[in-house]
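Enquirer: from the sequence below, what's the structure:
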Amino acid sequence: MFKRHEKIDNSRSLITNLNPKSPISEQYRTIRTTLDFKLSDQNLTSFLVTSSEAGVGKSTTIANLAITFAQQGKKVLLVDADLRKPSVHTTFKINNRIGLTNVLTHQIKANEAFQKTDFCKDLTVISSGPIPPNPAELLSSAGMKKFITEMSQEYEVILFDTPPLNAVTDAQIISRLVGGVVLVARAYQTRKDNLIKAKKLLEQINANILGVVIHGIETTDTSYYYYYGAE
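Expert: So this is what the prediction gives:
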């Protein structure tokens, strides 16, 4: 299990870029290192980040993990596969006119959806694109499987931002296609039974749960507290 805390503040959500020497950034690197070991040990290149419910810091977590992997010198692809309430384009200040939905509906090739950011030269982002009427169907299509296979040959690490598990089936669908899953929860907000339910939903389809990130653990001597432990 990975644990860390960060207040959800859009102005400083990319702390690993804004202040790479901060204790928070160091904890993201600790999580990255552990994930790196697990991915290498299992010969994996891709994983998704999800949660049991909305508003717990899922998208902040995946954005900072993507940056830390890229800062390591790896060729990294971050994909916004939340086709219901996308946020990656807002976080990275890129356009969302075209993206994953355009690729999956065969309007463009994957490389036409690539966007570079000002944050790290080794990080490529694919935004969600226009919100479709059938997210689950698109994500379970043969095109999605082909997309992941092709990207895995080109990138060393691929991260997928997905909707919460207890709301829709999207994360379950994608978890069948990627190497593993990282769950995000928030202390004092995420109910234990909801987290257990999310874990069971993943176990039902034999998803490879790599670990958990927990936000919101307060201490008296600092506004941030975080630690990590292997699952």
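
Enquirer: give me the number of residues near the closest residue in space to residue 131 that isn't next to it in sequence?
Expert: Once flanking residues are discounted, residue 131 sits nearest to residue 83: 6.1 Å by Cβ to Cβ, 6 or more residues apart in numbering. No exception for glycine: its C-beta is placed from N, CA and C like everyone else's. Number of residues near residue 83 (other Cβ atoms under 10 Å) recorded here: 25.

Enquirer: quick one, what contacts residue 45?
Expert: 39, 152, 155-158, 179 (Cβ atoms under 8 Å, 6 or more residues apart in numbering).

Enquirer: ok so, going back, confirm that the residue nearest to residue 131 sits in a strand.
Expert: No - using DSSP: H, G, I helix; E, B strand; the rest coil, the assignment for residue 83 is coil, not a strand.

Enquirer: wait, it touches residue 101, no?
Expert: Yes - Residue 83 is within contact range of residue 101, at 6.2 Å (criterion: Cβ atoms under 8 Å).

Enquirer: now for those two: what residues contact both?
Expert: Joint contacts of residue 83 and residue 101 (Cβ under 8 Å, 6+ apart) are 128, 131-132, 138.

Enquirer: quick one, grab the pLDDT at residue 200.
Expert: Residue 200 is assigned 94 on the pLDDT scale.

Enquirer: helix or strand next in line after the helix or strand where it lies, which one?
Expert: Using DSSP states H and E, residue 200 maps to helix 192-204. Downstream of helix 192-204, the next assigned helix or strand under DSSP H and E is strand 209-215.

Enquirer: so how far is that next one from its chain's centroid?
Expert: 11 Å (Cα atoms, centre = their mean, to the nearest Å).

Enquirer: what's the angle between it and helix 192-204?
Expert: For strand 209-215 against helix 192-204, the angle by axes from the mean of the first three to the mean of the last three Cα atoms, to 10 degrees is 160 degrees.

Enquirer: can we start the residue count at 583 from this point?
Expert: Fine by me, first position is 583 from now on; the one you just mentioned is strand 791-797.
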